[in-house]
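> no sequence for this one, just the structure:
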């Protein structure tokens with residue numbers, strides 16, 4: 001068999017592990033793997049402008065430890081169909097025809113799409129025109145409900161945890177309050193896990209509406225108890241009132257979130273009189289080598305995707321449920337976001353540690 005693979009959407013640690021898992025499993029079966037460059041855009045290859053490479057165990061040896069992706073990725077372009085939460089766009093018919101022509105010209109028996117909910121929605125459109133697709137979930141936000149974990153998430157949490165460790169020492173030295181803004185879009189998993197691991201005093205999540213006055217009360221109580229430093233972690237998708245803070249005035253695709261960290265820092269400094277700084281971790285959370293968990297999970301996902309192809313089970317996405325690898329229909333996988341339950345055991349644990357959620 002001949003199969004293709006592409007990465008789409010934001011990059012994250014573990015993408016190369018998926019590629020190596022796919023190539024290893026395919027090679028063992030005597031199959032050929034074509035890797036498309038720069039996401040779905042690689043499917044618009046022509047004979048004069050090939051945007052793909054043949055991947056082998058030799059060319060992919062030990063790339064599982066590398067960050068980024070050897071294939072490149074994009075989150076804009078001809079295949080951008082996600083225009084907002086719960087909203088789907090369309091792909092130009094000419095683009096779909098060009099895609100189909102590429103698949104037929106290369107004699108591909110299947111296409112593996114590694115991406116988040118937007119990319120998997122695009123994969124469904126390709127399935128509708130008759131292409132055999134298999135999905136692999138990819139997002140540092142861990143916001144796909146169909147799988148317990150997505151690769152890249154634990155690596156992002158490790159960055160947040162280490163950053164809080166480092167920020168704590170400088171905050172303590174100057175008796176400052178530090179506000180750390182982290183990624184996660186509409187899901188607060190990175191902030192919650194990273195905040196607990198790094199010992200944050202306040203964790204502000206999209207899923208738990210907060211009152212800045214209550215945050216101020218909790219902070220002042222800590223200061224009265226003699227605490228030198230205050231660490232506040234805020235998810236980029238958290239809201240003050242009904243306001244979602246974005247970096248884009250206009251964009252095709254979902255808007256880039258960000259900016260709430262600076263606003264929270266300024267508001268808390270004014271209310272408490274404590275010298276406050278804001279640190280936006282941004283793409284540090286996406287970069288660098290994946291932690292061991294993500295290397296293993298990514299490799300397992302890649303191998304499982306090849307198994308689905310071997311069984312002829314298309315339009316499905318591989319998923320981790322408990323400790324077992326399984327699969328779900330892609331359509332079901334993109335229906336609902338995996339959000340933090342305000343009453344879950346992890347939130348209760350944080351509260352037991354004295355963490356304030358501002359509610």
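Received the coordinates, thanks. Being a predicted model, the structure only gives us computed values, none of them experimental.
> only C-alpha atoms for contact and neighbour calcs from this point on.
Noted.
> for this structure, what spans make up the helices?
Counting by DSSP state H, the chain has helices at residues 15-28, 93-106, 117-128, 153-174, 189-198, 212-224, 260-272, 292-311, 330-333, 345-352.
> export the ones you listed as TSV, with columns for distance to residue 358, mean neighbour count and mean pLDDT.
Shown next, in TSV, are the helices of the chain (distance: least, C-alpha to C-alpha, whole Å; neighbours: other C-alpha atoms under 10 Å; pLDDT from 0 to 100):
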stretch	distance to residue 358	mean neighbour count	mean pLDDT
helix 15-28	36	26	98
helix 93-106	48	15	93
helix 117-128	30	22	90
helix 153-174	19	19	97
helix 189-198	13	24	98
helix 212-224	5	16	96
helix 260-272	12	18	96
helix 292-311	32	22	98
helix 330-333	32	19	90
helix 345-352	11	14	98
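> among those helices, which is nearest residue 324?
helix 292-311 (10.1 Å; C-alpha to C-alpha).
> tell me what angle the closest one forms with helix 15-28.
Taking axes from the mean of the first three to the mean of the last three C-alpha atoms, to 10 degrees, helix 292-311 and helix 15-28 form an angle of 40 degrees between their directions.
> other SSEs contacting helix 292-311?
In this structure, helix 292-311 packs against helix 15-28, strand 133-137, helix 153-174, strand 316-321, strand 324-329, with contacts taken as 3 or more C-alpha pairs under 8 Å, 6 or more residues apart in numbering; DSSP states H and E.
> which among the ones you listed is found nearest to residue 356?
When the helices and strands packed on helix 292-311 are compared by C-alpha to C-alpha, helix 153-174 sits nearest residue 356, at 16.3 Å.
> so how far is that closest one from its chain's centroid?
From the chain centre to the centre of helix 153-174 is a distance of 19 Å (C-alpha atoms, centre = their mean, to the nearest Å).
> and residue 158, what does it touch?
Residue 158 makes contacts with 194, 291, as judged by C-alpha atoms under 8 Å, 6 or more residues apart in numbering.
> quick one: it from residue 191, how far?
Counting by C-alpha to C-alpha, to the nearest Å, the gap from residue 158 to residue 191 is 11 Å.
> same check on residue 260?
Look at residue 260 and residue 191: by C-alpha to C-alpha, they are 14 Å apart.
> joint contacts of those two?
In terms of C-alpha under 8 Å, 6+ apart, residue 260 and residue 191 are both contacted by the residues residue 234.
> the helices and strands packed on helix 292-311 into a markdown table, with extra columns for distance to residue 78?
Listed next are these as a markdown table, based on distance: least, C-alpha to C-alpha, whole Å:
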| stretch | distance to residue 78 |
| --- | --- |
| helix 15-28 | 22 |
| strand 133-137 | 18 |
| helix 153-174 | 27 |
| strand 316-321 | 23 |
| strand 324-329 | 25 |
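> for residue 95, find the nearest of the ones you listed.
The nearest among these, by C-alpha to C-alpha, is strand 133-137 at 17.0 Å.
> quick one: strands adjacent to the closest one?
Using DSSP bridges, the strands paired with strand 133-137 in its sheet are strand 110-115 (parallel), strand 316-321 (parallel).
> any idea of the angle the last one forms with helix 117-128?
Meaning strand 316-321. For strand 316-321 against helix 117-128, the angle by the same axes, to 10 degrees is 140 degrees.
> buried residues, strand 316-321. List them.
Neighbour-count burial for strand 316-321, counted by 16 or more other C-alpha atoms under 10 Å, picks out 316-320.
> in stretch 174-190, what counts as buried?
By neighbour count with 16+ other C-alpha under 10 Å, stretch 174-190 contains the buried residues 175-190.
> quick one: which of those residues is nearest residue 212?
Closest to residue 212, out of all of these and judged by C-alpha to C-alpha, is residue 179, at 13.2 Å.
> can you pull the contacts of the closest one?
Applying C-alpha under 8 Å, 6+ apart, the residues contacting residue 179 are 231-234, 261-262, 264-265, 276-279.
> ok, residue 9 next?
For residue 9, the contact set (C-alpha under 8 Å, 6+ apart) comprises 39, 73-76, 115-116, 118-119.
> what about it, distance to residue 300?
Residue 9 is 20 Å from residue 300, where distance means C-alpha to C-alpha.
> what separates the residue sitting furthest away from the middle of the chain from residue 305, distance-wise?
In terms of distance from the mean C-alpha position of the chain, residue 224 ranks first, at 38.6 Å (C-alpha atoms, centre = their mean). Look at residue 224 and residue 305: by C-alpha to C-alpha, they are 55 Å apart.
> kindly report the same for residue 174.
Residue 174 sits 51 Å away from residue 305, going by C-alpha to C-alpha.
> wait, what's in contact with residue 342?
Per C-alpha under 8 Å, 6+ apart, neighbours of residue 342: 207-208.
> ignore what I typed, I meant residue 265.
Neighbouring residues of residue 265 by C-alpha under 8 Å, 6+ apart: 178-179, 276-278.
> could I get the contacting residues of residue 37?
Residue 37 is in contact with 6, 51-53, 71-73, counting by C-alpha under 8 Å, 6+ apart.
> hmm, which of these are the buried ones?
6, 51-52, 71-73.
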